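In: Kindly generate the corresponding structure for this input.
(chains A and B)
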Protein chains: 2
Amino acid sequence: MALEGALTLASGATLHDVTVAYETFGTLAPARDNAVLVCHALSGDAHVAASADGDGRTRPGWWDAMVGPGLAIDTDRFFVICANVLGGCSGTTGPSSIDAASGTPWGLRFPLVTIEDMVDTQARLLDRLGIDRLAAVVGGSMGGMQALAWGTRYPHRVERVVAVATTARLSAQAIAFNEVGRQAILADPDFRDGDYYASGNPHRGLGIARMVGHITYLSDESMRAKFGRRLRDRTSRAFDFVTEFEVESYLAHQGARFVERFDANTYLYMTKAMDYFDWTTSLPTTGPCLPTFLVLSFSSDWLFTTAESLEIVRLLRERGCAVSFAEIGSPYGHDAFLLEPEGQRMFIEPFLADAGARRDERRAS
Amino acid sequence: MALEGALTLASGATLHDVTVAYETFGTLAPARDNAVLVCHALSGDAHVAASADGDGRTRPGWWDAMVGPGLAIDTDRFFVICANVLGGCSGTTGPSSIDAASGTPWGLRFPLVTIEDMVDTQARLLDRLGIDRLAAVVGGSMGGMQALAWGTRYPHRVERVVAVATTARLSAQAIAFNEVGRQAILADPDFRDGDYYASGNPHRGLGIARMVGHITYLSDESMRAKFGRRLRDRTSRAFDFVTEFEVESYLAHQGARFVERFDANTYLYMTKAMDYFDWTTSLPTTGPCLPTFLVLSFSSDWLFTTAESLEIVRLLRERGCAVSFAEIGSPYGHDAFLLEPEGQRMFIEPFLADAGARRDERRAS
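Out: Reported below is the predicted structural model:
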């Protein structure tokens, strides 16, 4: 979808001709009041679920266990929209898009984007789709930051906010991990200051960035259970600098797979948008708190901890907002938002059903 | 000190003409029974303390707060020895040394070394110094692994073992962090397969490896207190890929300083030696347990956790060994072994005094 007019960003830069790649699932009700926006994380895209209708069920969605007919985010009931974020590399305008002014890919000339810029872009997409108000916005990790930003930036346009495994602002440690990933990309000579589209992705730097990321997505406990100190295809030490522990093999595989599908520049832009995000300063101090919030964390998530979710809850309560919170017990660390559908469903399904009930009430009145 | 004869390593490789760089502090007693070996960590060297005598107090030692006259490891009482480890880059034979056979630096042709190889090298150094038996061996982190290995490999040659902030074997997560550092070095084109001594250290890769390391040395809590989300020399976001958060500046500084003093190949060898270390299989099942052990951990150390120290304690207790344990409360994470001298002194001083008392007892009898 091509947005109309220009988009002014938090940095002050202006983007023209912004295109947004999006997918929808389910059917928009005649009253146009059953739309749920799902926001994706750093490496996600618009393909949140495999299409349920037709023969198109070829590529699995990144949240298949959560979005679909009869699932926590029920596409029999809700019209689900998922859009690739601004600055992304899966169809929405970003650093790998062609800059009309020069006829070449933007590269690092693309302006830096913020979580709020992503949310503004989604709002403009909804304008074009004729959806004034969302029944809910739902997201995990960086998607959860977008959900929080929706709640404060467009409070009149969203009834329910579900923020999973996220934070109001990154800790110094999380910024540090992002910075290591960025430095690995910037140090790769194949990066060529971001102008590598003719020569190929800087696969070594991006692969290392992804390896660092994956360590932070898993818990110590799950790594212990999954790999321990086992050697891969060996019975004794190699005494050489080869991939020999299973955990090394896993990271190498994750890195190699990632560079085939993801753009290194987008990785820089996404991590920077996360580092910049600070929702603690964006809550208005006056006026009614319109949306209601559900905040979910996972017990073994050490990237965005339960303590950080509780900070979100505290900020909302101080503002008099309605907020529910649960910590879901899981050994899977930050990745649990992708791997624990049942734990999330237990809280998200009734929270969204309640939204529906309130909507029905309003209609009846 | 040039060792006599060849050294056979765990890999089966043989090293000739091994040189060991070492420093001593204090005076060896006529009975030669007051020697304490201090083992250094990944990036350490033989210079454990500034020399107390003469005008040579120019360069601070890496454990100045712990080793010296009247300190926890009291050089008025003990004859302290610290040697750069095998594979190191501060005087002891390692990958940056000249291979006599080729007349060029070893590079990656240097055989891989283990913690046990380091300990064997230290034992050979003690042979040459005429020290048959140590009053104690003390070390933190990788130094703690060497201390543990001394206790099981040379039980008749060591009376007391002090293992601080260490582990019996690396977790999958710790191996993963090491592997990211290695991959960053290996991916740097300046690495040239380890033959970079004429062209210069691969500073980008080694710098990134050190940045990753530093994140694991600090606790989330100490990073929060030290840096938080503060920007460096700025009041607002740069909207550019520059170093702007204080934590980024800290990591960049640590990385840059490290590449000036440390050899990239040695970084590969040290991390691999740690990954390979598995002390759980080296405890003998029969015979008396001769040395006594003191195991210390720090509450906020998430690299080598208190749970991992307790595994060491459990293994020792199962074997009927005498072992004391304490968790020292500290916000400084793994680095606490360098930053909390008082907490360590409280346990190390009486533990070593007791060793002295037993020695005096024996003399009297």
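In: Identify the residue spatially nearest to A:Gly94, adjacent ones excluded.
Out: Spatial nearest neighbour of A:Gly94, excluding adjacent residues (CB to CB, 6 or more residues apart in numbering or on different chains): A:Gly87 at 4.6 Å. For glycine as for every other residue, the C-beta is placed from the backbone atoms N, C-alpha and C.
In: ditto for A:Ser297
Out: A:Ser297's closest residue in space is A:Ser309 (CB to CB, 6+ apart), at 3.7 Å.
In: for whichever strand or helix holds the one you found, packing partners?
Out: Assigned by DSSP states H and E, A:Ser309 falls within helix A:306-318. If contacts are counted by 3 or more CB pairs under 8 Å, 6 or more residues apart in numbering or on different chains; DSSP states H and E, helix A:306-318 sits against strand A:292-298, strand A:323-328.
In: pLDDT weak spots in the stretch 51-200 of chain A?
Out: In the predicted model of the stretch 51-200 of chain A, residues A:52-58 satisfy pLDDT under 70.
In: Roughly how far does the residue nearest to the spatial centre of chain A sit from chain B?
Out: In chain A, the residue lying closest to the centroid (CA atoms, centre = their mean) is A:Ala41, at 1.8 Å. Going from A:Ala41 to chain B by CB to the nearest CB, to the nearest Å gives 20 Å.
In: ok, now which ones touch that residue?
Out: A:139-143, A:337 (CB atoms under 8 Å, 6 or more residues apart in numbering or on different chains).
In: any idea how far A:Gly140 is from it?
Out: Counting by CB to CB, to the nearest Å, the gap from A:Ala41 to A:Gly140 is 6 Å.
In: intersection of neighbour lists for the two?
Out: By CB under 8 Å, 6+ apart, the residues touching both A:Ala41 and A:Gly140 are A:Phe337.
In: If we go by neighbour counts, what in the helix holding A:Ser309 is buried?
Out: A:306, A:308-309, A:311-313, A:315-316 (16 or more other CB atoms under 10 Å in any protein chain shown).
In: any idea of the mean pLDDT for that helix?
Out: For helix A:306-318, mean pLDDT rounds to 97.
In: Likewise for stretch A:247-265?
Out: 97.
In: swap in stretch A:22-38?
Out: Stretch A:22-38 comes out at a mean pLDDT of 97.
In: And A:Tyr217, how close does it get to B:Arg234?
Out: From A:Tyr217 across to B:Arg234, the span is 30 Å (CB to CB).
In: Which one of those two is surrounded by more residues?
Out: A:Tyr217 (24 against 13; other CB atoms under 10 Å in any protein chain shown).
In: wait, doesn't the more buried one sit right on A:Leu339?
Out: No. If you go by CB atoms under 8 Å, A:Tyr217 and A:Leu339 don't touch, sitting 10.1 Å apart.
In: For the closest residue to A:Phe293 other than its chain neighbours, which residues are in contact?
Out: Counting by CB to CB, 6+ apart, A:Phe293 lies nearest to A:Val323, which is 4.2 Å off, once chain neighbours are set aside. Contact analysis of A:Val323 by CB under 8 Å, 6+ apart lists A:292-295, A:312-313, A:316-317.
In: Just the pLDDT for A:Val323.
Out: Per-residue pLDDT puts A:Val323 at 97.
In: Please report the distance of it from chain B.
Out: Per CB to the nearest CB, A:Val323 is found 23 Å from chain B.
In: One more: A:Thr24?
Out: For A:Thr24, the distance to chain B - CB to the nearest CB - is 32 Å.
In: what separates the host helix or strand of that residue from the chain centre, distance-wise?
Out: Element membership for A:Thr24 (DSSP H and E) is strand A:22-25. Centroid displacement of strand A:22-25 relative to its chain, using CA atoms, centre = their mean, to the nearest Å, is 15 Å.
In: That strand: partners in the sheet, and parallel or antiparallel?
Out: Partners of strand A:22-25 in the sheet, by DSSP bridges, are strand A:79-83 (antiparallel).
In: going on from the partner strand, what's the next piece of helix or strand?
Out: Next along from strand A:79-83, by DSSP H and E: strand A:98-99.
In: following that next one, which helix or strand comes up?
Out: strand A:104-105.
In: how far off strand A:79-83 does the following helix or strand past that next one point, in degrees?
Out: Downstream of strand A:104-105, the next assigned helix or strand under DSSP H and E is helix A:115-129. Angle, helix A:115-129 to strand A:79-83, by axes from the mean of the first three to the mean of the last three CA atoms, to 10 degrees: 130 degrees.
In: Give the other helices and strands that helix A:115-129 contacts.
Out: Judged by 3+ CB pairs under 8 Å, 6+ apart, the packing partners of helix A:115-129 are strand A:7-8, strand A:35-39, strand A:79-83, helix A:142-153, helix A:264-276.
In: residue in the stretch 1-150 of chain A nearest to chain B?
Out: Closest residue of the stretch 1-150 of chain A to chain B, CB to the nearest CB: A:Ser11 (3.9 Å).
In: Based on its surroundings, how many neighbours for that residue?
Out: Every residue meeting other CB under 10 Å relative to A:Ser11 is counted, giving 16.
In: so what's it closest to, chain neighbours aside?
Out: Using CB to CB, 6+ apart, the closest residue to A:Ser11 is B:Phe239 (3.9 Å).
In: quick one: that neighbour is in a helix?
Out: No. Judged by DSSP: H, G, I helix; E, B strand; the rest coil, B:Phe239 forms no part of a helix; its state is coil.
In: Assess the claim that it and A:Leu112 are in contact.
Out: Yes. Contact criterion CB under 8 Å: B:Phe239 and A:Leu112 qualify, at 4.4 Å.
In: hmm, back to that, want to throw the contacts of A:Val323 into a markdown table with distance to B:Phe191?
Out: Output for the contacts of A:Val323, formatted as a markdown table (distance: CB to CB, whole Å):
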| residue | distance to B:Phe191 |
| --- | --- |
| A:Thr292 | 54 |
| A:Phe293 | 49 |
| A:Leu294 | 49 |
| A:Val295 | 45 |
| A:Ile312 | 43 |
| A:Val313 | 47 |
| A:Leu316 | 50 |
| A:Arg317 | 53 |
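In: Any idea how far apart the tips of stretch A:1-9 sit?
Out: 19 Å (CA to CA, to the nearest Å).
In: mind listing what's buried in it?
Out: So for stretch A:1-9, counting by 16+ other CB under 10 Å, buried means A:3, A:7, A:9.
In: what does it contact?
Out: A:14-20, A:22, A:86, A:111-114, A:117, A:120-121, A:124-125, A:127-129.
In: let's go with 7 Å and repeat that
Out: A:14-20, A:22, A:111, A:113, A:117, A:120-121, A:124-125, A:128 (CB atoms under 7 Å, 6 or more residues apart in numbering or on different chains).
In: Among those, the buried ones, what's the ChimeraX command?
Out: Buried subset of the contacts of stretch A:1-9, written as a ChimeraX selection, criterion 16+ other CB under 10 Å:
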select /A:15,18,20,22,111,113,117,120,121,124,125
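In: residues from the stretch 101-250 of chain A in reach of chain B?
Out: A:112, A:169, A:171-173, A:175-177, A:179-180, A:182-184, A:187, A:189, A:204, A:208, A:211-212, A:215, A:220, A:223-224, A:227-229, A:237, A:239-241, A:245, A:247-248 (CB under 7 Å from any CB of the partner chain).
In: what does the strand holding A:Thr24 rub up against?
Out: With CB under 7 Å, 6+ apart as the test, strand A:22-25 has contacts from A:1, A:46-49, A:52, A:67, A:75, A:79-83, A:125.
In: Can you tell me which of the residues you listed are buried?
Out: A:46-49, A:67, A:75, A:79-83, A:125.
In: which residues sit in contact with A:Phe347?
Out: Applying CB under 7 Å, 6+ apart, the residues contacting A:Phe347 are A:294, A:296, A:326.
In: Based on its surroundings, how many neighbours for the first one?
Out: As a burial measure, A:Leu294 scores 24 neighbours (other CB under 10 Å).
In: So for it, what's the pLDDT?
Out: For A:Leu294, pLDDT reads 98.
In: Report the separation between it and chain B.
Out: As for A:Leu294, its distance to chain B is 26 Å (criterion: CB to the nearest CB).
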